[in-house]
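Undergrad: Sequence plus predicted model, see below.
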Amino acid sequence: MSAAHKKVQTVKARADLALNDEFLRKAVRFTTERLRNGKKKATEEHGNWEEWRERGRQIRLHTIAHLDYYLNLFVNNARANGVHVHFANTAEEAVKLTLDIAEHAGAKSVVKSKSMVSEELHLNHALESIGVEAVETDLGEYIIQLAGEMPSHIVIPAIHKNRYQIADLLSKEAGYTLPPDTTALAGFVRKKLREKFLEAEIGMTGCNFAIAETGSMVLFENEGNARMVSTVPKTQITLMGMERIIPSWSDLEVMATLLPRSATGQKLTMYMSGITGPRRPEDADGPDEMHIIIIDNGRSLQLGDPEFQELLNCIRCGACLNACPVYRHIGGHAYGSTYSGPIGAVLTPSLNKNIAEWDDVANASSLCGACYEACPVKIPLHDMLVYLRRRKVESGNGNKLESIGMQGFATIMGNSSRLGGMLRLGKLGQKLVVRSGVIKTKLGPLKGWNTYRVTPSLPKESFRDRWETLDQELKQGLKQMDSSMQNRMEELVRKREQEQKEGKGGHGHG
Amino acid sequence: MKVSLFITCLSDALYPRVGEAMVRLLAKYGVSLQFPTVQTCCGQPAYNSGYWKEARDSAKTILDAFEDSDFVISPSGSCTGMIHHYPKLFEDDPVMLERAKRLQSKAYEFTQFLVQVLGVTDVGAAFPHKVTYHPSCHGSRILGVKDEPLALINNVKGLELVPLPFAEDCCGFGGTFAVKMADISGAMVTEKVDHVLETEAEVLVGLDMACLLNIAGNLRYRNEPVRVMHLAELLYEGVKEA
Amino acid sequence: MADTHKQWLEKLEAESRAKQELFMNDIAAKLRHPRMYEKPQHPFRGAPDFWKAFEWSEDERVKEFTDNFLSVGGHVARLQTMDEAKQFIVDKAEEMSAKYVVRQNQPELTALDLEGSLTDSQVSVWNTDPEQYWRARAAEADFGIVMADHAVAYTGSVTVLSAENKGRSVSLLPAVLIIIIPIERLKTRLGEVLVTFDEAGRGQLPAGIHFISGPSRSSDIENDLTIGVHGPGIVYALLVG
């Protein structure tokens, strides 16, 4: 995140900065549209998408529900493959382990492929503090590293930068002026990072999936940098969220079907690599030594929580960002943390135990449900956002003014005659502010609303005021209902009662 | 057979004409709606903001109002969708949970009832205007009401339906979101209206007065004359004209 | 350093094993079940059943693979014999003035005698000399030449497995990658290849299993597609047989 964003404490204030950045908004709109159109086309072409989503969800649900078994199996198999496996409960522990490995490898530099977990740990600064250069090698990650920022999108980290800004950053690195031309810029990065790959002692990766039954880890990427990082340096360190597990390679087919299509609309990323341990003694490339650090960092807090356990099903595709109308307008940095968009709005407070610093991001949603609809493993993010808001209120951290307002709401809405009274009062009160049938005042509680809209005035009669007259008029001329309609309605009621009797609930119409 | 009207507080207070159009249209098919006056609000503003205790107080009026109804019809996918959250809201209270599930099973959004229950897709309306349609998020995503309104619209004589660009994007209302995150919500409704204007439609039609209140508010703010109607209004007006 | 590297690794392993128990116990406790040591019933393993029954004819496989590979900027040639493949490589090397060529040490490639035919290029055969730093040989190469272990029509992917005679770098570091795919290795679905790794089992897997679906690419700068960011920018898939 840029320095300007970091100083700003609330989502609302950060969003206001973003809303005034016309370039950013255009870039975000363009990218998210491209990605969501790609997803739409790819899923339609593939067909049976709902079945695949459900299958993906079932595999993730099953694995997380038995995570102690599958993670343990993975660990034992990875060890048998010759991997050094480590556990980190917190970000600090993971950083400590990484630095220890870097020191023992005598590392001067580390090349890294894209890893959201590494972003969680803020690892680059830690490495630099012991004199180890950390180089991001994914093109987008490299750009934002040079800019000293955080990714603003899970899949396209530098979505918010234009080619001129990128040319400036890379020119500074090159020591000469590069033209703002994509091919030239990418060409410079290829050459520059080639040297880095070949000289680095350590390659560091994230992990898209870990296969329990064989102890393998799987990486999806398009550039080839993750392969570089896991092939060229002597030591490989893989940072892995504890929930990345799937049972088998067969299950990988489902994830490989869901992930690239949901992320970018690709049938498969250009590279999908399954790495099973360090190089064999007879191999001439691949790391001599391989470490996997399994990281909790708040993930296990979701286990056993019926409202949030499904959060661990996330496969980090970014489809919810691309579908989200809020993300579309404010971009990723407004969310103020590593993960942005709907998944970030839920994940950040959840991983951080909903501490006061983060809980306001749950308000940055209109609860439209587009995220759930886009999610390849059907995580009900829109429901989770409501649960987070409820937790905040129930823990006594609700907004004081809002709490009073909601108590008032309950008082009025808990009783229809009070509601009627309020409406009469409102009709009297609005006389002060209504002009040609609408309210335009920007004073008081209508300020935010009326900055973009006018408010309609209350009509002379509410529906309940006119009901009696209307009812009498209609009853007089009411025709007989068509018998087929009558039968259908009776049949529906019978079916419903039958299902309720059998305990099926019977509330699944529609 | 007891068929009840769940008017929703917004239509009750601000848009009685929507309720009236719906009641009159259903009367054409011999559906005699009954209106339990103890109903207030579904509780969604409180529920979505995290004030579940307050939401329960409000939801109880709805559960009381429709206890002995066979069908509950409402001109809002969002408020009907809220009823689908009642089992969650009352999950710790077995008695209320049972009542919540029962209500959920009989709650229908207006077009859902018309198409799925009555089997009507052509109300015999004529409406010779250029119209665009905004599918509201909760109706289409929580209830899955997607085809029903389109079937009804497509059967209106003389109506020219112009597709709304980015139709499925939220209009930015989101209840208290429009107040709490006023500028994000403002950006969303501004873009929604930009898209409505792009269609050059004379009429914007929808299924939820909350979204339409939001969109109409921005249209009026920009002095744009596009008429904003609930589908029930459009159909009833079309029936009168036909 | 007081401790040797080995001692340090042993110390880490002891710590890790101790922590593993705590970690797993904590997960089980949070999931509110006793530690699970038995494989749980897994009713949803792999792709849906309707998918597992799906299979294309050879002609369809060739067509779909080709369409997919071309659509991402790769190149495909449909050839009848390995001799034709050899001729293709010789022609390309000449056309592109390939100075350095590195190939896997696979018998099918040895049989092509590229070393004898590519007179203007220096051809290295992977891992034939223990003194060489093979990664550097691959990095300087203009061409990398490999045999595919598997290929998948539905996604337009080629699978290469690492071994003593098959370097991971050969399909990664050169500027141009040429992959020869014997037609009988071209399957319909990804799952047909993946299941072979389940069947083989942990002990039989190579260190590197790589699916390659085209040239290296990125859209990280203003969504503008760039080919050849880190991996090979030019990829030829030669379907033979």
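TA: Nice, I can see it.
Undergrad: State the number of residues packed around C:Asp129.
TA: Counted by other C-beta atoms under 10 Å in any protein chain shown, the residues lying close to C:Asp129 total 11. Backbone N, C-alpha and C define where each C-beta goes, glycine included.
Undergrad: what sits against the residue of chain C found nearest chain B?
TA: Scanning chain C for the residue nearest chain B gives C:Arg32, at 17.8 Å (criterion: C-beta to the nearest C-beta). C:Arg32 sits next to A:Gly304 when contact means C-beta atoms under 8 Å, 6 or more residues apart in numbering or on different chains.
Undergrad: secondary structure class for it?
TA: Counting by DSSP: H, G, I helix; E, B strand; the rest coil, the backbone at C:Arg32 sits in coil.
Undergrad: With the one 3 residues further on instead?
TA: The assignment at C:Arg35 comes out as coil when based on three-state DSSP.
Undergrad: my guess is it contacts A:Asp68, does it?
TA: Yes: counting by C-beta atoms under 8 Å, C:Arg35 touches A:Asp68, with 5.8 Å between them.
Undergrad: Just the pLDDT for the residue in the stretch 301-450 of chain A that chain C sits nearest to.
TA: Relative to chain C, the nearest point of the stretch 301-450 of chain A is A:Leu303 (3.9 Å; C-beta to the nearest C-beta). Looking at A:Leu303, its pLDDT stands at 97.
Undergrad: how near is it to B:Asn48?
TA: Using C-beta to C-beta, to the nearest Å, A:Leu303 is found at 27 Å from B:Asn48.
Undergrad: now A:Gly331
TA: From A:Gly331 over to B:Asn48 the distance is 24 Å, taken as C-beta to C-beta.
Undergrad: How about the contacts made by the nearest residue in space to the residue of the stretch 301-450 of chain A closest to chain C that is not next to it in sequence?
TA: Of all residues not flanking A:Leu303 in the chain, C:Lys30 sits nearest, at 3.9 Å (C-beta to C-beta, 6 or more residues apart in numbering or on different chains). Applying C-beta under 8 Å, 6+ apart to C:Lys30 gives the contacts A:Ser300, A:Leu303, A:Gly304.
Undergrad: Now rank those by neighbours and give me the top one.
TA: Highest neighbour count within these, by other C-beta under 10 Å: A:Leu303, with 23 neighbours.
Undergrad: Does that one touch A:Leu311 like I think?
TA: No: the pair A:Leu303 / A:Leu311 is not scored as a contact, 10.1 Å apart, by C-beta under 8 Å.
Undergrad: by contact count, what packs against the top helix by length along chain B?
TA: In chain B, with assignment by DSSP state H, the single longest helix is helix B:182-198. Other helices and strands packing on helix B:182-198, by 3 or more C-beta pairs under 8 Å, 6 or more residues apart in numbering or on different chains; DSSP states H and E, are helix A:11-19, helix A:325-330, helix A:447-450, helix B:177-180, helix B:209-221.
Undergrad: 7 Å - rerun?
TA: Where contact means 3 or more C-beta pairs under 7 Å, 6 or more residues apart in numbering or on different chains; DSSP states H and E, helix B:182-198 is packed against helix A:11-19, helix A:325-330, helix B:209-221.
Undergrad: Pairing partners for the very next helix or strand once past the longest one, with directions?
TA: It refers to helix B:209-221. Once helix B:209-221 ends, the next helix or strand along the chain (criterion: DSSP states H and E) is strand B:227-230. According to DSSP bridges, strand B:227-230 forms sheet pairs with strand B:203-206 (parallel).
Undergrad: average pLDDT for the partner strand?
TA: Averaging pLDDT along strand B:203-206 gives 98.
Undergrad: That one: how far from the chain's middle?
TA: With C-alpha atoms, centre = their mean, to the nearest Å as the basis, strand B:203-206 stands 12 Å off its chain's centre.
Undergrad: Ok, stretch A:243-259 next?
TA: Computed by C-alpha atoms, centre = their mean, the chain-centroid distance of stretch A:243-259 equals 19 Å.
Undergrad: Export that stretch to CSV, keeping only CA atoms.
TA: C-alpha atoms of stretch A:243-259 as CSV (Å, rounded to 0.1, in the frame of the first residue of the first chain):
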residue,chain,number,x,y,z
GLU,A,243,-5.5,-25.0,4.7
ARG,A,244,-4.0,-25.5,1.2
ILE,A,245,-4.4,-29.3,1.3
ILE,A,246,-6.3,-31.5,-1.1
PRO,A,247,-6.2,-35.3,-0.8
SER,A,248,-5.0,-36.5,-4.2
TRP,A,249,-3.8,-35.7,-7.7
SER,A,250,-7.3,-36.7,-8.9
ASP,A,251,-8.7,-33.9,-6.8
LEU,A,252,-6.2,-31.5,-8.5
GLU,A,253,-8.2,-32.0,-11.7
VAL,A,254,-11.1,-30.3,-10.1
MET,A,255,-9.1,-27.4,-8.7
ALA,A,256,-7.2,-27.0,-12.0
THR,A,257,-10.6,-26.8,-13.7
LEU,A,258,-11.9,-24.2,-11.2
LEU,A,259,-8.9,-22.0,-10.4
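Undergrad: element containing B:Ala151?
TA: Using DSSP H and E, B:Ala151 falls within helix B:147-154.
Undergrad: which residue ranges form the helices in chain C?
TA: Using DSSP H, helices in chain C cover C:5-30, C:49-52, C:58-71, C:82-95, C:107-110, C:114-117, C:134-140, C:190-200.
Undergrad: Could you do chain B as well?
TA: According to DSSP H, the helices that chain B contains are B:9-13, B:16-27, B:44-49, B:52-65, B:77-89, B:94-106, B:110-112, B:137-141, B:147-154, B:177-180, B:182-198, B:209-221, B:231-241.
Undergrad: mind giving me TSV with the ones you listed and columns for mean neighbour count?
TA: Shown next, in TSV, are these (neighbours: other C-beta atoms under 10 Å in any protein chain shown):
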stretch	mean neighbour count
helix B:9-13	23
helix B:16-27	22
helix B:44-49	25
helix B:52-65	22
helix B:77-89	24
helix B:94-106	18
helix B:110-112	26
helix B:137-141	25
helix B:147-154	18
helix B:177-180	21
helix B:182-198	21
helix B:209-221	23
helix B:231-241	21
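Undergrad: These: which one's closest to A:Leu35?
TA: helix B:182-198 (18.0 Å; C-beta to C-beta).
Undergrad: and the angle from that closest one to helix B:209-221?
TA: Helix B:182-198 runs at 80 degrees relative to helix B:209-221, counting by axes from the mean of the first three to the mean of the last three C-alpha atoms, to 10 degrees.
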